[in-house]
Each structure stands twice: as C-alpha cells, then as structure tokens.
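**Student:** prediction below, plus the sequence it came from.
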Amino acid sequence: FGPCLRQREADTAVQHEMLSTNPQRRRLPGRRQQRSNASSLPTIAFWAIASLLCLTTLCLISYHVSSSEQQHVRVRSAASSGSTATESGASKVQGDADMKNRKLKSRDIAVASAIQIECIISTPHTARSMTEVVVGTFQITVRPDLAPQSSAAFVQLVRSSYYSGVYFHRVVKGFVAQAGINSNYHAQRPPKPQEVEQPDPVLPSKSLSNIRGTVSFAGGNMHLGQIFINLGNNRRLDAENNDDGSTRPFGTVNDAGMELIDKVYTGYKEGSGQVKAVKSGEVASLFPEMSRIEECHVVG
C-alpha cells in the first residue's frame with residue numbers, strides 16, 4: 001500500500017498548489033452549490049402548491065360530508081317534528097270529538113229530563129179586535145236538571161190548575177211580565193208545594209241566568225205561585241237569591257212564545273191598582289187590556 005499512499009499525497013499537494021495559485025477555483029464549489037439550490041426551488045414550489053391543493057381538496061370534501069350529514073339530520077328532525085305534529089293534531093281532534101260527545105250526551109240527558117208546559121193566553125176583556133191583542137199559546141221548557149226544587153214546585157202548581165185564569169198584573173216593557181196572583185177565579189189559595197229537605201243549589205256555572213225568555217218565581221218564593229218571564233236580560237236578578245236559590249230561573253219560553261209575550265199590553269203604569277183589581281174581580285172594568293193565562297198543562 002506504500003506506493004498508493006505516496007501517490008495520493010502527491011495528488012493532494014498538487015490540488016492545494018492549484019487552489020493557492022487560482023482563487024477562482026476556490027469559489028467554484030460555492031457557485032455550484034448556488035446553482036444546485038436554484039435548480040431545487042421549482043421542485044420545492046411544486047410540492048408546496050401540490051400540498052396546498054391536496055389540503056384544499058380535503059377541506060372541501062370534509063365540508064361536503066359535514067353539510068350532507070347536517071341536511072340528513074334536518075330532514076330526520078323535520079320528519080320527526082311532522083310526525084309529532086300529526087300525532088298532536090290527531091290527539092287534539094280526538095280530544096275535541098270526546099268533548100263534543102260529552103256535551104251531546106249532557107245535552108241529551110238535559111233534554112230527556114226537561115218537562116214541556118203549554119199555556120194558553122188571551123186578552124178576554126178588550127174591546128179591540130182579536131187580531132190586535134194577545135191570543136195564542138206558548139210553551140215553557142222546565143229544567144229539573146238545573147233547578148230541581150223550583151221545577152217540581154212549578155209543575156205541581158200546573159197540575160193543580162193553579163195557573164188557569166191568572167192575569168199578567170205586572171208588565172214592565174223590556175223588564176218582566178209577571179203573573180200568578182190568587183184571584184176570585186180560584187176556589188181557594190194555591191196548594192203549597194211539598195216541603196223539600198234539600199233546596200236548589202246555587203251553581204252559577206250550571207244554573208240558568210235571568211236573561212230574556214227565562215222563567216223564575218217572583219220574590220224568590222216558590223210557595224206563593226207568582227212567576228215572571230224576563231222580557232230582557234236581567235242578570236242583576238241573579239244576585240237576589242234567597243237561601244233556597246229559588247230566584248234562579250227554572251225554565252225558558254220558546255221563541256214563538258216570546259213573540260206572543262212581547263205583545264202583552266204594557267200601557268198600565270206599575271202600581272196603579274192592578275193587584276187590588278185582580279183580587280176583587282174588577283179587571284174587566286178597570287184594566288180591560290190586561291192579558292190572562294187561560295190554562296197551563298203538562299204536554300211532555
């Protein structure tokens with residue numbers, strides 16, 4: 001190996017001598033390095049751009065997948081909401097139907113328990129033509145389901161013929177038409193309704209109110225027999241209940257009957273001696289336009 005080593009040392013010495021005599025050759029490796037670096041810049045730029053494009057593509061794919069999932073979630077949510085709304089709507093419809101059925105059933109029970117009273121009315125002493133005065137019939141629907149004791153008392157009086165021949169002695173336009181004073185037309189005073197252990201309950205939510213067409217006992221006393229028909233809405237009378245609640249209406253006059261009651265003569269001033277005339281039998285001479293109930297009877 002000796003000759004080889006000596007040759008290598010000789011070559012190295014020659015290279016050093018050449019570098020020391022020619023400075024340009026010493027800078028040659030630096031220039032080559034620069035050219036090498038310059039030639040690698042496009043490659044680096046290419047891979048950087050490629051990497052950026054790949055990253056952008058991945059982001060777009062991720063966004064698309066996320067949007068699709070959100071859309072599916074919204075669709076499922078909407079479908080679920082629609083199903084819930086449908087179920088809720090169906091429940092509401094069923095609830096309304098049940099409520100309607102209960103109301104119809106309640107009404108059927110009320111109608112089944114109602115009692116129909118028919119009364120004949122006339123103006124017997126007038127000198128006017130029968131076409132000008134009150135003549136005809138009207139019906140009262142009695143509601144034992146709303147006022148059991150008052151209804152029972154009224155029906156008992158009707159069955160005893162108490163209201164045959166009673167005058168409308170008090171008629172106030174737009175207020176009431178009142179009748180039932182005992183007169184010489186009767187052989188005796190009206191029978192007293194049977195005593196009751198439990199009076200009518202005062203339940204405003206279930207009771208009739210004193211509005212047009214309803215019928216109540218005057219003075220809240222069912223034992224006196226006087227009744228009044230409301231010609232207008234008189235709800236203030238609801239507060240005038242006695243302990244037994246008998247001021248509450250117990251029945252209603254039908255619409256055709258109210259058209260007849262509206263024609264009852266209202267020209268006599270209240271408190272002008274009508275009560276005395278009824279009791280003494282002087283109605284024909286003193287109050288000839290006073291209307292009278294000829295008869296009342298149960299029809300159903």
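**Tutor:** Right, received. Where do you want to start?

**Student:** CA atoms for contacts and neighbours, from now on please.
**Tutor:** Noted.

**Student:** the strands in the stretch 201-300 of the chain, which residues?
**Tutor:** Remark: strands assigned in the stretch 201-300 of the chain by DSSP state E, counting those that start in this stretch are 214-217, 227-230, 251-253, 292-298.

**Student:** deepest of these, which one?
**Tutor:** Of the strands of the stretch 201-300 of the chain, the one with the most neighbours on average (mean count of other C-alpha atoms under 10 Å) is strand 214-217, at a mean of 27.

**Student:** touching, residue 171 and residue 262? I think so.
**Tutor:** No: if you go by C-alpha atoms under 8 Å, residue 171 and residue 262 don't touch, sitting 10.0 Å apart.

**Student:** more neighbours, these two?
**Tutor:** A side-by-side neighbour count of residue 171 and residue 262, using other C-alpha atoms under 10 Å, places residue 171 first with 24 against 16.

**Student:** helix or strand: which one has that one?
**Tutor:** In this structure, residue 171 is located in strand 170-172 according to DSSP states H and E.

**Student:** who are the packing partners of that strand?
**Tutor:** On a contact count with 3 or more C-alpha pairs under 8 Å, 6 or more residues apart in numbering; DSSP states H and E, strand 170-172 meets strand 176-179.

**Student:** would you map the helices across the stretch 151-300 of the chain?
**Tutor:** Listed in chain order, the helices of the stretch 151-300 of the chain (DSSP state H, counting those that start in this stretch) span 255-261, 274-280, 283-286.

**Student:** right, so of these, which gets closest to residue 145?
**Tutor:** Smallest distance to residue 145 across the helices of the stretch 151-300 of the chain (C-alpha to C-alpha): 21.1 Å, for helix 255-261.

**Student:** report the mean per-residue pLDDT for that closest one.
**Tutor:** Mean per-residue pLDDT for helix 255-261: 93.

**Student:** distance of residue 159 relative to residue 298?
**Tutor:** Residue 159 is 7 Å from residue 298, where distance means C-alpha to C-alpha, to the nearest Å.

**Student:** that should have said residue 272, apologies.
**Tutor:** 34 Å.

**Student:** helix or strand with the lowest mean pLDDT in the chain?
**Tutor:** helix 2-21 (a mean of 55; mean pLDDT, DSSP states H and E).

**Student:** and the pLDDT at residue 48?
**Tutor:** 73.

**Student:** number of residues surrounding the closest residue in space to residue 123 that isn't next to it in sequence?
**Tutor:** Using C-alpha to C-alpha, 6 or more residues apart in numbering and skipping residues adjacent in sequence, the residue nearest residue 123 is residue 291, 4.3 Å away. By the criterion of other C-alpha under 10 Å, residue 291 has 29 neighbours.

**Student:** touching, residue 291 and residue 165? I think so.
**Tutor:** No: Residue 291 is beyond contact range of residue 165, at 9.8 Å (criterion: C-alpha under 8 Å).

**Student:** pLDDT below threshold where in the stretch 151-300 of the chain?
**Tutor:** Residue ranges of the stretch 151-300 of the chain with pLDDT under 70: 183-206, 220-221, 223, 240-247.
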